[in-house]
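Engineer: coordinates only, sequence not included:
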DNA sequence: ACCGCTATTAGCCATCTGGCTAGGGAGAAA
DNA sequence: TTTCTCCCTAGCCAGATGGCTAATAGCGGT
């Protein structure tokens, strides 16, 4: 937590973000003698993984949403070649689901892009020191988001169920997929409908999107054009 | 299109983005003697509108997604106090819908944040010169996005129908709301299902979210906590 | 031990859904 | 003109949905 001492060797960073402007901004910000040094940059996940062994940065700042393989996927793959890598996820989203995905995939920290500079610096230092910082705005946002529905967040089981509803599965199929009876599936769907204040499953998944419980899977794949 | 001459007076800019890091990056990037000058910055829409008259920037770089009032809303309000303001929208999204919203609200240009520096510079110059540049990645992305579904984008009527499906309306209600018969409503729903390759209306709206045809209405409102 | 929450199963039933087939009219493109 | 697409309407039907009530069981907190 202490301010950077001139005596401390700089924390060596790799930046991965497909927004060139953001990357340049970060590089500029972090290369201003505050105890950081940007040793590598990449605008996509594959390159980042290729660059890692060459530079062995202390901490990697990794954007969640990128074209090609996204941040979470990049993280997973990076973990295979560098299990000890310290990765701080950067994101524009403040949804709890994104954070959960990132942390589950093995992120060492999670910071939204709307943080102030100091928060970012602190987060990087904390990751470097072995902590697992999570941007406070995430916590602040994610709680009321669900609380505001007038309701309860869904139970784990119910979340599985919405995810399947989203894919167009019927109650019968949901039951089969989860290894439970159709009746139970219906009961969970009913729970979801009530908690999300929806009149049918269609509105329920729309609400789930609104609340950030479900995320649009951008199917763009950036084809060859 | 010409490279910046030293003789040209700099284009005076206002930056509006709630991502402090991005803002700092832009400021740094644009303040490097390339013919731009950042005269004002803000991390929210209200402040931006308040700052405008004081600085009368030549071009305003406005982020689409911000907490509080978003970019489009900011743009609309700004237009009321400064109808001639030149505004270049900046966004992380490459969805055609977002672009349409921005341009409809009176944006002078639209650029995704994953552009290279030069493209951004060019876009700013073009807006300043009275053009209406649109980031090429938007066009490239948005076309195949819909084409990739195997299909056609939805007809206007069908889009109205998905929007209603999303709200949980039944075919009967959709018919009543649109002043058409239930049968016709069903026909439109069928069209949507086919075009979005969905097995039921629930999956259809999920797909619509995936494709950017529907946007999550973030109901967060950022309460006091 | 009791209570509350979650997960599980079950039956009944009015309504809704989506697929099928089969029309007609209006405007735009070839 | 012909053809195409979009928009509108219609009936039939098997299957799915969501509301209702009711019961059992595990788990964690008081």
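Structural biologist: Looks like it arrived, so ask away. Predicted, not measured: the structure shown is a model, and the values here were computed from it.

Engineer: Break chain A into its domains for me.
Structural biologist: Per the record, chain A has its domains at A:11-143, A:156-210, by automatic domain parsing.

Engineer: burial count for residue A:127?
Structural biologist: Neighbours of residue A:127 under the rule other C-beta atoms under 10 Å in any protein chain shown: 25. All C-beta atoms are positioned from the backbone trio N, CA, C, and that covers glycine.

Engineer: typed the wrong thing, it's residue A:77
Structural biologist: When neighbours are defined as other C-beta under 10 Å, residue A:77 has 16 of them.

Engineer: Also residue A:183?
Structural biologist: Neighbourhood size, residue A:183 [other C-beta under 10 Å]: 10.

Engineer: Which among the domains of chain A is found nearest to DNA strand D?
Structural biologist: domain A:156-210 (3.4 Å; C-beta to the nearest atom of the strand).

Engineer: Let me see the mean pLDDT of the closest one.
Structural biologist: Domain A:156-210 comes out with an average pLDDT of 87.

Engineer: hmm, back to that, mind checking which of the domains of chain A is nearest chain B?
Structural biologist: domain A:11-143 (1.4 Å; C-beta to the nearest C-beta).

Engineer: so how far is that closest one from its chain's centroid?
Structural biologist: Domain A:11-143 sits 10 Å away from the centroid of its parent chain (C-alpha atoms, centre = their mean, to the nearest Å).

Engineer: buried stuff in the helix or strand harbouring residue A:126?
Structural biologist: Assigned by DSSP states H and E, residue A:126 belongs to helix A:117-128. Across helix A:117-128, burial judged by 16 or more other C-beta atoms under 10 Å in any protein chain shown covers A:119, A:120, A:121, A:122, A:123, A:124, A:125, A:126, A:127, A:128.

Engineer: same check, this time on stretch A:13-33
Structural biologist: A:13-30.

Engineer: so of the residues you listed, which ones are in helices?
Structural biologist: A:20, A:21, A:22, A:23, A:24, A:25, A:26, A:27, A:28, A:29, A:30 (DSSP state H).

Engineer: Relative to residue B:9, which of the domains of chain A is closest?
Structural biologist: Ranking these by proximity to residue B:9 (C-beta to C-beta) places domain A:11-143 first, at 23.6 Å.

Engineer: still on that earlier bit, okay if I get the buried residues of helix A:117-128 as TSV plus pLDDT and distance to DNA strand C?
Structural biologist: Output for the buried residues of helix A:117-128, formatted as TSV (pLDDT from 0 to 100; distance: C-beta to the nearest atom of the strand, whole Å):
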residue	pLDDT	distance to DNA strand C
A:119	80	33
A:120	86	35
A:121	86	39
A:122	83	34
A:123	86	32
A:124	89	37
A:125	87	37
A:126	82	32
A:127	82	32
A:128	84	37
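
Engineer: what's the most distant pair in the residues you listed?
Structural biologist: Greatest spatial distance in the buried residues of helix A:117-128: A:119 and A:128, 14.9 Å, computed using C-beta to C-beta.

Engineer: Now do residue A:50 against residue A:19, distance only.
Structural biologist: Counting by C-beta to C-beta, to the nearest Å, the gap from residue A:50 to residue A:19 is 20 Å.

Engineer: Not counting its neighbours along the chain, what's nearest residue A:206?
Structural biologist: Distances taken as C-beta to C-beta, 6 or more residues apart in numbering or on different chains put residue B:166 closest to residue A:206, at 4.3 Å, once the chain neighbours are dropped.

Engineer: same question, residue A:191
Structural biologist: With C-beta to C-beta, 6+ apart, the residue lying closest to residue A:191 is residue A:158, at 5.4 Å.

Engineer: Could you look up the SS state of the one you found?
Structural biologist: helix (DSSP: H, G, I helix; E, B strand; the rest coil).

Engineer: doesn't residue A:194 make contact with it?
Structural biologist: No. The pair residue A:158 / residue A:194 is not scored as a contact, 10.0 Å apart, by C-beta atoms under 8 Å.

Engineer: what does chain A put close to DNA strand C?
Structural biologist: A:152, A:155-158, A:175, A:178, A:180-181, A:183-184, A:186-188, A:191, A:200 (C-beta under 7 Å from any atom of the strand).

Engineer: May I see the buried residues of the longest helix seen in chain A?
Structural biologist: Longest helix in chain A by number of residues (criterion: DSSP H): helix A:182-195. Under the neighbour-count criterion of 16+ other C-beta under 10 Å, helix A:182-195 has A:184, A:185, A:187, A:188, A:189, A:191, A:192, A:193, A:195 buried.
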